[in-house]
Structure formats: C-alpha cells, structure tokens
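1. fold the following for me, if possible:
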Amino acid sequence: MNKYGGGHYVIKPKPSKPVTVNAADRRQWIENDAGLYQWWQGSGIGLYRFERENRAELTRIIKGELNREPGE
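-> Take a look at the predicted model:
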C-alpha cells in the first residue's frame, strides 16, 4: 500500500457528445462531397439558399456519414 491510499479504482469513460452540424459544416460538405455538390449545382440556386432549404436532409446525410463504421 502506498501513501496515497492504494486500492483499485476504475475510471469510467466520458459519454461521447452528440454530433452537431452547423451551417458552415453543411456548406463545407456540399463543396467537398461530389454527390452533394452535384445536387447543389443541379438545383440552380445559391449555396446559402440551398443549404437553408435542405438543412434537415443535409444534416441527416452528414451525420450518417460521420457515424458510419470505417470500411462500410
């Protein structure tokens, strides 16, 4: 036993924070993902408007990619 009391203890891992996606993240994904970029270009509207009008769908797609296991 050492001077600090010894004994066995377990450090629990901190729960992971939920993934959040903001407007800047969505625009960056649109500019860098070929499929999202083509969708935006095909819409014929500006990037900011496209991001606002498709916010929920873009967030769903991005979160799905971020939560995907490597190799899938």
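
2. return the set of buried residues in the longest helix along the chain.
-> Determined from DSSP state H, the single longest helix within the chain is helix 55-67. Within helix 55-67, the residues scored as buried using 16 or more other Cβ atoms under 10 Å are 58-59, 61-62. From N, CA and C alone the C-beta is placed, and that goes for glycine too.

3. pick out the most distant pair among these.
-> Thr59 and Ile61 (7.4 Å; Cβ to Cβ).

4. low-scoring stretches of this structure, by residue?
-> Within the chain, the stretches with pLDDT under 70 are 1-7, 72.

5. and the helices in this protein?
-> With DSSP H as the criterion, the chain has helices at 23-32, 34-43, 47-53, 55-67.

6. make TSV out of those and add distance to Val10.
-> What follows is the helices of the chain, written out as TSV (distance: least, Cβ to Cβ, whole Å):
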stretch	distance to Val10
helix 23-32	35
helix 34-43	43
helix 47-53	44
helix 55-67	27
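
7. Ile11: which of the ones you listed is closest?
-> helix 55-67 (25.4 Å).

8. and the nearest residue in space to Leu58 that is not next to it in sequence, how many neighbours?
-> Among residues not flanking Leu58 along the chain, Arg26 sits closest, at 4.8 Å (Cβ to Cβ, 6 or more residues apart in numbering). When neighbours are counted by other Cβ atoms under 10 Å, Arg26 registers 22.
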